[in-house]
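1. sequence first, predicted model second:
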Amino acid sequence: MPSVQRVHETFKDKDVVVLAISVDGGGEKAVKSFMTKRGYTFTTPVDVGMEIARKFGVRGVPTTYVINRQGAIVAHGFGPVDFDSPTFVQYIQTLAAEPRG
Amino acid sequence: MEYPERRKLEDVPSVKSDPAKGNFSRSPALYKTSDPIAEIRYTANSSQTGKEIPMLRRRVGQSRLWLLLLLGGFLTLSPLDLHAAEQPNPPEGLATPSPSTSMPVFELPDANGETVRSAALQGKVVVVRFWATW
């Protein structure tokens, strides 16, 4: 999660939204204490019933999705993804540089 | 580049310019100019170095050929480039879904009690990570 926080900070003013959707059974309370303890400020929607996770096609956590300005899922993957890697940051920059769809 | 006529003229500074007779010679000082355009212009106009004109024409022809080749290259490459700009390759660990899908519509409460709606994300790049504290 530290890399999620960093990507959130890098792009927060650039039309890039980072959402860490929690599928925690503990709901908002568990997520809030986790976030406060670590000082994270990115948005954490809570999907207790995993209804939205199913809509996305999630089969396990962590799973990452990248959506472009046109609203299309352009990248997805199950497993850890290093949001700090230069290639990931560059990828997001390229998508953010596209005109709004 | 060597111009044999140039050296010859430099050795004979007494040659006078007489356009009426088709002699466009200039003073030797002009031949020494460092400006290649002036030299080319001179060679093209000079009656004494009339042989240079076909060479100049050949050069223009060559540059036209290059222009055509360049243009052709751009035309062939541009669709590929546009495609690459539309869809950059995802970084390691991620793949582009096939067939392509849109982000599902959703509405979820966040940890701070605010509602997050997918509709509010229109036109933005969204990075979604599904996770759990456990």
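-> Structure's in. What do you need?

2. from here on, contacts and neighbour counts on C-alpha atoms
-> OK.

3. can you pull the contacts of the nearest residue to residue A:29 once chain neighbours are set aside?
-> Spatial nearest neighbour of residue A:29, chain neighbours left out: residue B:111 (7.0 Å); criterion: C-alpha to C-alpha, 6 or more residues apart in numbering or on different chains. Each residue near residue B:111 by C-alpha atoms under 8 Å, 6 or more residues apart in numbering or on different chains is listed here: A:28-29, A:31-32, A:43-46.

4. which among the residues you listed gets closest to chain B?
-> residue A:45 (3.7 Å; C-alpha to the nearest C-alpha).

5. so what's the residue count around the closest one?
-> Residue A:45 has 26 neighbouring residues, counting by other C-alpha atoms under 10 Å in any protein chain shown.

6. pLDDT score for the spatially closest residue to it that is not a sequence neighbour?
-> Of all residues not flanking residue A:45 in the chain, residue B:110 sits nearest, at 3.7 Å (C-alpha to C-alpha, 6+ apart). For residue B:110, the pLDDT comes out at 95.

7. residue B:110 and residue A:48 touch, don't they?
-> No: Residue B:110 is not in contact with residue A:48 according to C-alpha atoms under 8 Å; the separation is 10.9 Å.

8. neighbour count winner among these two?
-> Neighbour totals were compared for residue B:110 and residue A:48, and residue B:110 leads with 22 against 18 (other C-alpha under 10 Å).

9. and that one, what are its phi and psi?
-> With angles defined as degrees, to the nearest 10, residue B:110 sits at phi -100, psi 180.

10. can you pull the contacts of it?
-> Residue B:110 neighbours (C-alpha under 8 Å, 6+ apart): A:28, A:43-46, B:116.

11. between the residues you listed, which is nearest residue A:87?
-> residue A:43 (23.2 Å; C-alpha to C-alpha).

12. need the nearest residue in space to the closest one, chain neighbours excluded.
-> Nearest to residue A:43 is residue A:19, by C-alpha to C-alpha, 6+ apart, at 5.3 Å.

13. give me the three-state assignment for the one you found.
-> strand (DSSP: H, G, I helix; E, B strand; the rest coil).

14. how near is it to residue B:123?
-> 15 Å (C-alpha to C-alpha, to the nearest Å).

15. tell me which of these two has more neighbours.
-> Between residue A:19 and residue B:123, residue A:19 has the larger neighbour count (other C-alpha under 10 Å), namely 21 against 18.
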